[in-house]
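In: Below: sequence and its predicted model.
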Amino acid sequence: MASGGGTADMDPEVALRLFEEGATLVLLGVPRGTELGIDCKSWQVGPRFRGVKMIPPGLHFLHYSSVNSPSCGGQIGPKTGLFLSLKPREILLANWDAKEEDLDFSASANDEEVSRVRANLRELDPFLGPYPYEVMRKWVSLTDRLSDELAKGLQPLSGRVCAYSDVVPEVEFRHTEDRAEQPRNDTACQSMKEGLDRLPKMKQREGTELRFSVIPDKTYPPGATPAEITQCSMDLSYALETVLERNYELQPLNLLGELQFAFVCFLLGNVYEGFEHWKHLLALLCRSEDTMRKRKELYLGLITVLYHQLGDIPPDFFVDIVSQSNFLTSTLQDFFQFVSGPGMDSTLRKRAEKFKAHLTKKFRWDFEADLDDCAPVVVELPEGVTVD
């Protein structure tokens, strides 16, 4: 995105409406060569770049990776992203902070500064690239369940979604005598364990954590019998209902918004934690047979969400990442088996059958293979319970 870019490929009426109603991101001082994108499109910043115009109002994901100077090899750094909720005709102003290698949006709180930019918008226009309208449909399909409020509640308090974890020592040793008590590093380690023990214990910096729903470690209720534990290990409905009750009691379909948030963080933000949470949520949803019977709308929505998440991804994308240990095919195999069982809503069953046929054709996945669940289930017994 060297300067701006034309709108020749955009419908004239759409272009006019976005020109009049669209929001504007004015991003000053972004170094040349920085990889910067909004939603599902990214570019390398050119020397004339000053921001993005004609952005449809609503939720968007701005993401960027700083770059070293050519003399240092021009290496691209880890990605940083943030969710933005933009209003019609809004101007959001940010300056590049060279020290932090990040965008500083504090200028947007200065009404006088924003008014000055708005007054000079015509002069700035040739340096603003138009929003990549060709990806709008895809972006909406990936986030249609994700509200502004939900995204704000899930992203870190810092407002930044980072591809790397910002970690600090669990215990700060401010005084010399405190550090003196720690294991010395001036002698050779006798084992890998000793070496690891010498490393300082780290934790994620407060305010930088993604605020996902906590999935219970135990999938069964307190005081459950061994038979109940086994049942709750095969049907995860108790654990799923616990997550819904704690986080989305009034709006259970917001769980699908969280699934979309995690996927976007992984797909566009390169956040592996997003993939891990997406994987755990998906397993919870797909292996909750009783909840499938009770919450038809949740599962009709899940099929649509997965259709769009998997629909625009190249088939080989899943070879090394998403289908680790055959995760995705085995999880969906469980889902298709449960949803075809007795007592399921006929509309849900038919929708699932169509989705299964679509995936089989697109990815050549075999959902008819023998399930691996036939092995004995190992359950954790409550404290004090023994089996003779």
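Out: In hand now; what should we look at?
In: Okay, buried residues for the lengthiest helix in the chain please.
Out: Looking across the chain with DSSP state H, the single longest helix is helix 346-363. Neighbour counts using 16 or more other C-beta atoms under 10 Å place 348, 351-352, 355-356, 359, 363 of helix 346-363 among the buried residues. The way it works is simple: take the backbone N, C-alpha and C, and place the C-beta from them, glycine included.
In: Likewise for stretch 216-232?
Out: 219-220, 224, 229-232.
In: Turn the residues you listed into a markdown table, including distance to D39.
Out: Shown next, in a markdown table, are those (distance: C-beta to C-beta, whole Å):
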| residue | distance to D39 |
| --- | --- |
| T219 | 36 |
| Y220 | 41 |
| A224 | 45 |
| I229 | 44 |
| T230 | 45 |
| Q231 | 43 |
| C232 | 40 |
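In: Show me which of these is closest to L86.
Out: T219 (40.3 Å; C-beta to C-beta).
In: shaky segments in the stretch 101-250 of the chain?
Out: 165-170, 172-200, 202-204 (pLDDT under 70).
In: 90 instead?
Out: Along the stretch 101-250 of the chain, the model assigns pLDDT under 90 to residues 163-208.
In: mind checking how far K99 is from S66?
Out: Per C-beta to C-beta, to the nearest Å, K99 is found 11 Å from S66.
In: can you dump the C-alpha coordinates of the longest helix of the chain into PDB?
Out: In PDB, the C-alpha atoms belonging to helix 346-363 read as follows (Å, rounded to 0.1, in the frame of the first residue of the first chain):
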ATOM      1  CA  SER A 346     -34.700 -33.300  12.500                       C
ATOM      2  CA  THR A 347     -33.600 -29.900  11.100                       C
ATOM      3  CA  LEU A 348     -30.300 -30.100  13.000                       C
ATOM      4  CA  ARG A 349     -29.800 -33.700  11.800                       C
ATOM      5  CA  LYS A 350     -30.300 -32.700   8.100                       C
ATOM      6  CA  ARG A 351     -28.100 -29.600   8.400                       C
ATOM      7  CA  ALA A 352     -25.300 -31.800   9.900                       C
ATOM      8  CA  GLU A 353     -25.600 -34.400   7.100                       C
ATOM      9  CA  LYS A 354     -25.200 -31.600   4.500                       C
ATOM     10  CA  PHE A 355     -22.200 -30.200   6.400                       C
ATOM     11  CA  LYS A 356     -20.600 -33.700   6.700                       C
ATOM     12  CA  ALA A 357     -21.000 -34.200   2.900                       C
ATOM     13  CA  HIS A 358     -19.500 -30.800   2.200                       C
ATOM     14  CA  LEU A 359     -16.400 -31.500   4.400                       C
ATOM     15  CA  THR A 360     -16.000 -35.000   2.900                       C
ATOM     16  CA  LYS A 361     -16.000 -33.500  -0.600                       C
ATOM     17  CA  LYS A 362     -13.700 -30.500   0.200                       C
ATOM     18  CA  PHE A 363     -11.100 -32.100   2.400                       C
END
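In: pLDDT averaged over it, what's the number?
Out: For helix 346-363, the mean per-residue pLDDT is 94.
In: just stretch 42-62 next, same as before
Out: Stretch 42-62 comes out at a mean pLDDT of 95.
In: Counting neighbours, which bits of that stretch end up buried?
Out: So stretch 42-62, judged by 16+ other C-beta under 10 Å, has buried residues 42-46, 49-56, 58-62.
In: Which of the buried residues of helix 346-363 sits closest to P132?
Out: Among the buried residues of helix 346-363, and counting by C-beta to C-beta, the member closest to P132 is F363, at 27.1 Å.
In: Show me what the helix or strand in which E276 is found is packed against.
Out: Using DSSP states H and E, E276 falls within helix 272-286. In terms of contacts (3 or more C-beta pairs under 8 Å, 6 or more residues apart in numbering; DSSP states H and E), helix 272-286 is packed against helix 237-247, helix 254-267, helix 296-311, helix 327-339.
In: Output the second one as CSV, restricted to C-alpha atoms.
Out: Meaning helix 254-267. Taking Å, rounded to 0.1, in the frame of the first residue of the first chain, the C-alpha atoms of helix 254-267 are listed here in CSV:
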residue,chain,number,x,y,z
ASN,A,254,-22.4,-15.7,22.5
LEU,A,255,-20.3,-18.8,23.0
LEU,A,256,-20.1,-19.0,19.2
GLY,A,257,-18.8,-15.4,19.3
GLU,A,258,-16.0,-16.6,21.6
LEU,A,259,-15.3,-19.4,19.2
GLN,A,260,-15.0,-16.9,16.4
PHE,A,261,-12.8,-14.6,18.5
ALA,A,262,-10.4,-17.4,19.2
PHE,A,263,-10.2,-18.4,15.5
VAL,A,264,-9.6,-14.8,14.4
CYS,A,265,-6.8,-14.4,17.0
PHE,A,266,-5.2,-17.6,15.6
LEU,A,267,-5.8,-17.1,11.9
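In: And it, how far out from the chain middle?
Out: Remark: helix 254-267 is offset 5 Å from the chain centroid, using C-alpha atoms, centre = their mean, to the nearest Å.
In: Could you list the low-pLDDT ranges of the stretch 251-388 of the chain?
Out: 311-330, 361-388.
In: one more time with 70, if that's ok
Out: 312, 314-325, 370-388.
In: And the buried residues of stretch 216-232, which is closest to L255?
Out: Nearest member of these to L255, counting by C-beta to C-beta, is T219, at 16.6 Å.
In: check contacts around the closest residue to that closest one other than its chain neighbours.
Out: Among residues not flanking T219 along the chain, A239 sits closest, at 4.3 Å (C-beta to C-beta, 6 or more residues apart in numbering). With C-beta atoms under 8 Å, 6 or more residues apart in numbering as the criterion, the residues that contact A239 are 215-216, 218-219, 232, 284, 288.
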